[in-house]
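Student: Show me the folded form of this:
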Amino acid sequence: MEENESLKAGVVLECYKMQVGRSEHFETQLLSVVRLHFTLVAVLLAVAGFDKSIVGTDDLLVGIAISFVGLMGLACVRTYSYRALRHGRTARQFRMRLDQIHELDFDSARDAGKVEAKKELGISFEPSVRRVWRTSYYAVILLGLALTVAAAVAKFQ
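Tutor: Model (predicted):
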């Protein structure tokens, strides 16, 4: 490999590292936001249960707040996931360029590793943390709506 190609490979490698770092950064930020949201939901549930009644009329606003936290969480998962995936895809383009420069084929090795891991674990789907977070936020929204409806029924009885 001549000096010019070596320089190109170095620049592409640094760009790859930068994009991977940015993708990891957004994943870490998302985890921090998820932790904050679920802590807030726990606090709101503690407030709802503070009066020792199962559901009281004062729980109406708490239920609405819990649903709002769930909606905000869904928006955050979507935003941060998009950003992480965008930088991840850019990093993959740089990695493919590195493969071309060095005449390697990392993608085939990675794909073969994924197939083996799925066989070993006995799974047929692509595991996704984002799917778990989205499902959890849907559950938070439903919990908030259920509390809101129960509080509204208790208020009008």
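
Student: Just after the lowest-mean-pLDDT helix or strand in the chain, pick out the following helix or strand.
Tutor: The weakest-scoring helix or strand in the chain, judged by mean pLDDT, DSSP states H and E, is helix 106-121 (a mean of 68). Later in the chain than helix 106-121, the nearest helix or strand by DSSP states H and E is helix 129-155.

Student: Could you find the closest non-adjacent residue to the residue nearest to the spatial centre of the chain?
Tutor: Nearest residue to the geometric centre of the chain (C-alpha atoms, centre = their mean): Arg130, 4.0 Å. For Arg130, ignoring the flanking residues on the chain, the nearest one in space by C-beta to C-beta, 6 or more residues apart in numbering is Ser81 at 5.1 Å. Every C-beta, even on glycine, is put in place using the N, C-alpha and C of the backbone.

Student: Could you check how far the one you found is from Ala9?
Tutor: 31 Å (C-beta to C-beta, to the nearest Å).

Student: Same question for Val140.
Tutor: Distance of Val140 to Ala9, given as C-beta to C-beta: 47 Å.

Student: In terms of neighbours, single out the busier of the two.
Tutor: Set Val140 next to Ala9 and count neighbours by other C-beta atoms under 10 Å: Val140 wins out with 24 against 16.
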